[in-house]
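Undergrad: Fold the following, please.
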Amino acid sequence: DGRSWTALGARSKHDATPYPWLVDYLRGQDKMGHWIADVKLDPHNPERAVYGTGYGLWMTGNLGAATKGAQVKWDFTVVNLEETATLEIKSPSGGATLLAAMGDVSGAAWDDLSKTPNAGLFRPSSDSNCSVDVAELSPAVMARVADGTASGGYVSTNGGVSWRPFGASPWIAKAAHGGRTPAGRIAVSAQGGFFVWTPEKRAALCSRDRGRSWQVCEGWPSDRNAVLAPVADRHVEGVFYVYDRLQGQVLASSDGGRSFKVAVTGLSKVEPWQSVQLLSAPGALRDLWLALPDGLVHLPAGDRPPKAIKGFSEAWLVSIGKGAPNAPYPSVYVYGKAFVSGTAIDGLFRSDDAGLSYQRIDDDRHRYGRVLSLAADGLDHGVLYIAAHGRGVLVGRPRGGA
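TA: Prediction:
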């Protein structure tokens, strides 16, 4: 009744072995703490207790062992209860099924979505990785960026099995106030020979030797608020695009990111605080999609004029995946606001005919809060990965052939 107390820390053993990311994060330590938020005791079983930390939940079934001089065993109980802040996801054209850049715990490359990866783990697992990209035509080549790290990012040429840090660049790991510098976004060319890196609020950089050296991109907008993320053409090597939101135009580079020139004008101008995403589709040079606050725009290959997709009043995110059987064009997935039976509805939508028609693929019972990234599977039609902020990665699959 509180007259005496037994400290649990020295008598506890935490088993993290089923979760390689946590083993790596803990670096051999076994400790009770890290943002303990709450403890619950089972009123029907005095041996059972659970407590929450910044990693997740720890649960024991032999709490009373502590008062007998024995060891209390704690298991990590987080299956299907992920809290991870997933910042960007990609689904490669081969090799790994899914890449995820995550806050605080780096992220990973998944071969099997039902298992926590080990070989594909982004190490060290204590970084905040903001962005990850993969070469469309050579998916063994990947790059990711990490806040506050000495190099700013890492490169893999074996599908995420091992990584090496970026080479020398103008990157500065810490801001003037001492905090971590946001690493921004990364794009990898179609064959993986060139990278374009945009550290937040700094000059854009390009690499022509897979990240071993870097130089400043020419022709980039001078206003750092103008650009969010570079995009690599998924069909032709060394071609990159970026959307200048303040001028409403697409800039393109055909020399591996060394220089950019205006390629498309007359598009919507977007305020710095508004959402916008530029995306390249596989299969043809300069086949682009643009998600804007006032709708969805397709910039077809072959220098054809931009085409506004009817029915969307707002588009926040867009992704391209494997097309429907016998369809001549990949499937397009959109997170935004579209008209369904005359009513504007927020949701997830899929088009199997290049935007001529679309169907809603979520429903009113399944909403995802703030979605940070979408990745449609390039090898499995209808499969969509969703980075819902603070909820890990959700996987959506068709039901009943829909």
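
Undergrad: what secondary structure does Ala140 sit in?
TA: Secondary structure, DSSP: H, G, I helix; E, B strand; the rest coil: Ala140 is coil.

Undergrad: Number of residues surrounding it?
TA: Using other CB atoms under 10 Å, Ala140 is surrounded by 17 other residues. From N, CA and C alone the C-beta is placed, and that goes for glycine too.

Undergrad: ok, it - contacts?
TA: Gly95, Ser156, Thr157, Asn158, Gly159, Gly192 (CB atoms under 8 Å, 6 or more residues apart in numbering).

Undergrad: Run through the helices of this structure in chain order.
TA: Taking DSSP state H as the test, the helices found in the chain are 20-26.

Undergrad: Any stretches of it with poor pLDDT?
TA: 401-402 (pLDDT under 70).

Undergrad: What is the neighbour count of Ala204?
TA: Using other CB under 10 Å, Ala204 is surrounded by 24 other residues.

Undergrad: and the residue nearest to it when sequence neighbours are not counted, what is it in contact with?
TA: Excluding the flanking residues, the one nearest Ala204 by CB to CB, 6 or more residues apart in numbering is Cys217, at 4.2 Å. Applying CB under 8 Å, 6+ apart, we find Cys217 in contact with Val196, Ala203, Ala204, Leu205, Cys206, Ser253, Gly257, Arg258, Ser259, Phe260.

Undergrad: need the residues you listed in TSV with distance to Glu136, can you?
TA: Supplementary listing: these in TSV, determined by distance: CB to CB, whole Å:
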residue	distance to Glu136
Val196	14
Ala203	26
Ala204	21
Leu205	21
Cys206	18
Ser253	16
Gly257	16
Arg258	20
Ser259	22
Phe260	20
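
Undergrad: If the most centrally placed residue in the chain is in a bridge, with which residues?
TA: With distances taken as CA atoms, centre = their mean, Glu88 lies nearest the centre of the chain, 1.3 Å away. On the basis of DSSP bridges, Glu88 is bridged to Ala101.

Undergrad: Narrow the contacts of Ala140 to just the buried residues.
TA: By neighbour count, with 16 or more other CB atoms under 10 Å, the contacts of Ala140 hold Gly95, Ser156, Thr157, Gly159, Gly192 as buried.

Undergrad: Among those residues, which are located in strands?
TA: Ser156 (DSSP state E).

Undergrad: In this structure Arg258 contacts Glu218, no?
TA: Yes: with contact defined as CB atoms under 8 Å, Arg258 counts as touching Glu218 (6.6 Å).

Undergrad: Who has more neighbours out of the two?
TA: More neighbours surround Arg258 than the other of Arg258 and Glu218, with 18 against 14 (other CB under 10 Å).

Undergrad: neighbours around the closest residue to the more buried one other than its chain neighbours, how many?
TA: Leaving aside its chain neighbours, Arg258 sits nearest to Cys206 (5.8 Å; criterion: CB to CB, 6+ apart). A count of nearby residues for Cys206, using other CB under 10 Å, gives 27.

Undergrad: thought Cys206 was touching Phe195?
TA: Yes: using CB under 8 Å, Cys206 makes contact with Phe195 at a distance of 6.7 Å.

Undergrad: Residues that sit against both of these two, list them.
TA: Common neighbours of Cys206 and Phe195 (CB under 8 Å, 6+ apart) are Gly257.

Undergrad: Alright, calling it a day.
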